[in-house]
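Below: sequence and its predicted model.
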Amino acid sequence: MESKIEIISTVTVENSSDLYKIVDTLNRTLKRENLMFGLALDQENQDKAVFTIYRT
């Protein structure tokens with residue numbers, strides 16, 4: 001059975017050392033709603049982070 005992941009929204013924000021805490025909390029509390037959250041450094045600007053919301 002194939003699992004399809006859909007990107008709902010992506011936004012670029014200022015990088016902060018605590019952003020991962022927000023993403024972790026969202027993933028823990030909203031996984032039963034079939035939502036998943038991701039955070040990655042912007043490849044072009046390391047001072048920015050890319051926050052993405054997925055539907056699983």
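Right, received. Where do you want to start? Numbering: from 1, shown residues only.

Okay, helices next: where are they in this structure?
19-30 (DSSP state H).

what's across from the residue nearest the centre of it in the sheet?
Centroid-nearest residue in the chain, with C-alpha atoms, centre = their mean: residue 38, separated by 2.1 Å. Here residue 38 sits in beta bridges with residue 52, as judged by DSSP bridges.

contacting residues for it?
23, 50, 51, 52, 54 (C-beta atoms under 8 Å, 6 or more residues apart in numbering). From N, CA and C alone the C-beta is placed, and that goes for glycine too.

Enumerate the positions of stretch 34-50 that are buried.
For stretch 34-50, the neighbour count (16 or more other C-beta atoms under 10 Å) marks 36, 37, 39, 49 as buried.

what's the nearest residue to the last one if we skip its chain neighbours?
Read it as residue 49. Distances taken as C-beta to C-beta, 6 or more residues apart in numbering place residue 15 nearest to residue 49, at 4.4 Å, with adjacent residues excluded.
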